[in-house]
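Engineer: When you get a sec, could you give me coordinates for this:
(one chain, ligands or ions: 1)
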Amino acid sequence: MSVLEFNNSNNVHYSWLQRFAGNIIRYGCTSRLQHIAIVMDGNRRFARDLKLERARGHTLGADKLFDVCQWCHDLGIKELSVYAFSLENLKRSQDEIDTLMNIARLKLNEIVKSLDKIHEQQICIRVIGNLDLLPDDIQQSSYRLMKETDHYKNFVLNVCLYYTSRNEITSIIKNLAQACEKDLIHIDDIDDDLIIESLIVSTSQTGHLPDIFLRTSGELRLSDFMLLQCRFSMWIFADVYWPAFSVWHLYWVILQFEMKSKTLTDIQKQCKNILQQGKTTDEKRNERIHTYLNWLEQQRIERLKL
Ligand code: FPP
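Structural biologist: Residues are numbered from 1 along each chain as shown. Sure, this is the predicted structure:
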């Protein structure tokens, strides 16, 4: 199939049966699945069950992320958002936080090393979250990757680090308040759609919100991950630890979505219609919103230049 690979030691090989099934899914499914959001859960339990070091579980989890990027890319999925480190994870021991940061550092550096290939394939990498809290060198490689790949849309990987939805919503509220202060928008301009549009500027390059919210490890929790973005997504909970997640699990997830996607699309349309009812087309308001969204995007780009 195609060439997405973020490190050379991680080449994905398909058996003939996996390739056959993948082609059926890629070309036979009628749903247009574009974006998957994943809570990669179960690294420590996987390590514990196999009597491995906890750090090994996390490393295997990080390697799995690259496999899953490749599988998604080969299936024609355009965007993947992953929960790599929650602000809640700061409550773990310093030793474990350091281990996770070392893995993130290593993986981001591997991606930086494959920048030539990334440019060739026009892949966009975004690191999303409270980046000011990241160690300096990880901040630098994150900004470098974002700066160099920001305009690509062939495949988008959003890595959420030091992230929670609550924190993201707080930033949006601060931005809206600032925009009111600067008189870019009026307080009455703020509505549900504007909040979602603000979110899209910061978290999705394709503008397509996740079709699927997937959590591995059997836990039935959302853990404050992309809550607003996933309000219309199909929630799928896979009973497998993240490092053991296989291409067959991914096919199973996609087939579940395929079976229900018509109902989901209908619900999304109905909700959109309800939101549109009672809305006036006020030219001046539209202009203000346009200016505000441009200002937001400009701020994001300015941050990449630092
Ligand atoms: C959840 O398992 C997983 C995490 C907290 C970390 C996930 C991070 C990676 C896979 C690496 C990130 C990679 C990049 C590129 C930045 P857990 O520790 O909660 O395990 P448990 O549920 O069994 O306790």
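Engineer: The ligand contacts on this protein?
Structural biologist: Residues of the chain found near the ligand (C-beta under 6 Å from any ligand atom) are 40-45, 58, 61-62, 65, 84, 89, 100, 103-104, 107, 159, 217. Every C-beta, even on glycine, is put in place using the N, C-alpha and C of the backbone.
Engineer: Now, those that are in helices?
Structural biologist: 43-45, 58, 61-62, 65, 100, 103-104, 107 (DSSP state H).
Engineer: what is the mean pLDDT for stretch 292-303?
Structural biologist: Across stretch 292-303, pLDDT averages out at 88.
Engineer: and that stretch, how far from the chain's centre?
Structural biologist: 20 Å (C-alpha atoms, centre = their mean, to the nearest Å).
Engineer: Could you do stretch 249-264 as well?
Structural biologist: The answer for stretch 249-264 is 19 Å, by C-alpha atoms, centre = their mean.
Engineer: about what we covered before: and the ones in helices among the residues of the chain next to the ligand, which are buried?
Structural biologist: By neighbour count, with 16 or more other C-beta atoms under 10 Å, these hold 43-45, 58, 61-62, 65, 100, 103-104, 107 as buried.
Engineer: Give me the residues contacting stretch 240-253.
Structural biologist: Stretch 240-253 is contacted from outside by 14, 18, 21-22, 25, 36, 40-43, 45-47, 49, 57, 60-61, 63-64, 67-68, 71-72, 75, 212, 214, 216-218, 236, 238, using C-beta atoms under 8 Å, 6 or more residues apart in numbering.
Engineer: Would you indicate which residues of that stretch are buried?
Structural biologist: Result for stretch 240-253 [16+ other C-beta under 10 Å]: buried residues 240-245, 247, 249-251, 253.
Engineer: Please enumerate the strands of the stretch 1-150 of the chain.
Structural biologist: For the stretch 1-150 of the chain, strands defined by DSSP state E, counting those that start in this stretch occupy the ranges 35-39, 79-86, 123-128.
Engineer: Tell me the buried residues in the shortest one?
Structural biologist: With burial defined by 16+ other C-beta under 10 Å, the residues of strand 35-39 counted as buried are 35-39.
Engineer: and what of stretch 209-223?
Structural biologist: Quick answer for stretch 209-223 (16+ other C-beta under 10 Å): 209-217.
Engineer: who does the residue positioned nearest the centre of the chain bridge with?
Structural biologist: Closest to where the C-alpha atoms of the chain average out (C-alpha atoms, centre = their mean) is Ser81, at 1.5 Å. Beta bridges link Ser81 to Ala37, Asn158, judged by DSSP bridges.
Engineer: quick one: it and the ligand, what's the gap?
Structural biologist: Noted for Ser81: a distance of 12 Å to the ligand, by C-beta to the nearest ligand atom, to the nearest Å.
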